[in-house]
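Q: Sequence below, structure please.
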Amino acid sequence: MARYTGPKTKIARKFGEPIYGPDRYFEKRSYPPGQHGLAKKRKKVSEYGTQLAEKQKVKYTYGVLERQFRNLYSKANSMKGRTGENLILLLESRLDNIVFRLGIAPTRAAARQLVSHCHITLDGQVCNIPSTIVRVGSTVAVRERSKSLEVVQDSLKSAAGKYPWFEWDSAKCAGKFASLPERSEIPETINEQLIVELYSK
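A: Below you'll find the model as predicted:
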């Protein structure tokens, strides 16, 4: 299986930040993983190494494979505006990410599973493709028979707050993708310019 399914805290420690969200294990061990993680003196990272690490961090954060990421970058590069910002907006427009942002699922991995198992509808039609790019104005909702799922109910109760680019209808358990977010509104700490420089070599 190509998608990473190993320990997430280990990946978060590798990049030095909790990319998968709040993690009590990361807080206890925020140093790099490995036997010598705490004492190891790291060599100076090259410019290429810094750019590659940023790309890998974004891939792990959004749960995207290399080929998918490259295709998204090519699409972002062909769009008007800044390539880096376009790339982040395309990643934010993925169906699994929107399910996560709406608070329907606690993590992007859980959101991906909900979509794959046909629990989510897009504009009234069941959609089981997590990588689907959702257009502005579309409505993402929980399928009627899936509204009672424990994971959905628990996630909606503990949702920390909605994002301003969505319009949430709690009665219908549905959210409208009202507008594209501003780059400054996206909470992830990503330096997309490093990714652009990497692919521009």
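
Q: Could you pick out the longest helix of this protein?
A: helix 47-62 (DSSP state H).

Q: Check the offset of that one from the chain's centre.
A: In terms of CA atoms, centre = their mean, to the nearest Å, the centre of helix 47-62 is set 14 Å apart from its chain centre.

Q: so where's the protein shaky on pLDDT?
A: Within the chain, the stretches with pLDDT under 70 are 1-2, 4, 8, 10, 12, 14-43, 160-161.

Q: tell me the domain boundaries of it?
A: The chain breaks down by automatic domain parsing into domains covering 8-90+190-199, 94-179.

Q: that older thread, check which residues of whichever helix or strand comes after the longest helix of the chain are buried.
A: The helix or strand immediately downstream of helix 47-62 is helix 66-78, counting by DSSP states H and E. Across helix 66-78, burial judged by 16 or more other CB atoms under 10 Å covers 69, 72-73, 76. Yep, even glycine has a C-beta here, placed from its N, CA and C like the rest.

Q: Grab the nearest non-local neighbour of the residue nearest the centre of the chain.
A: Nearest to the mean C-alpha position of the chain, counting by CA atoms, centre = their mean, stands Tyr62 at 3.0 Å. Of all residues not flanking Tyr62 in the chain, Leu91 sits nearest, at 4.8 Å (CB to CB, 6 or more residues apart in numbering).

Q: In terms of helices and strands, where is that neighbour?
A: helix 83-92.

Q: which residues does the residue lying closest to Arg101 once chain neighbours are set aside contact?
A: Distances taken as CB to CB, 6+ apart place Tyr163 nearest to Arg101, at 5.5 Å, with adjacent residues excluded. Residues near Tyr163 by CB atoms under 8 Å, 6 or more residues apart in numbering: 101, 181, 185.

Q: can you pull the contacts of the second one?
A: Neighbour list for Pro181: 89, 92, 163-165 [criterion: CB under 8 Å, 6+ apart].

Q: can you do 7 Å?
A: When contacts are counted by CB atoms under 7 Å, 6 or more residues apart in numbering, Pro181 touches 92, 163, 165.

Q: any chance you could map the strands in the protein?
A: Ranges of strands in the chain, per DSSP state E, are 120-122, 125-126, 139-142, 166-169, 174-177.

Q: Save the ones you listed as TSV, and put in distance to Lys80 and mean neighbour count too.
A: Formatted as TSV, the strands of the chain follow (distance: least, CB to CB, whole Å; neighbours: other CB atoms under 10 Å):
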stretch	distance to Lys80	mean neighbour count
strand 120-122	25	22
strand 125-126	29	9
strand 139-142	26	21
strand 166-169	24	15
strand 174-177	20	20
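
Q: for those, which one sits closest to Gln51?
A: strand 174-177 (30.7 Å; CB to CB).

Q: neighbouring strands for the closest one, and are they parallel or not?
A: With DSSP bridges as the test, strand 174-177 is paired with strand 139-142 (antiparallel), strand 166-169 (antiparallel).

Q: With distance to Tyr199 as extra columns, can I get those strands in JSON lines?
A: JSON lines is the format used below for the strands paired with strand 174-177 (distance: least, CB to CB, whole Å):
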{"stretch": "strand 139-142", "distance to Tyr199": "30"}
{"stretch": "strand 166-169", "distance to Tyr199": "30"}
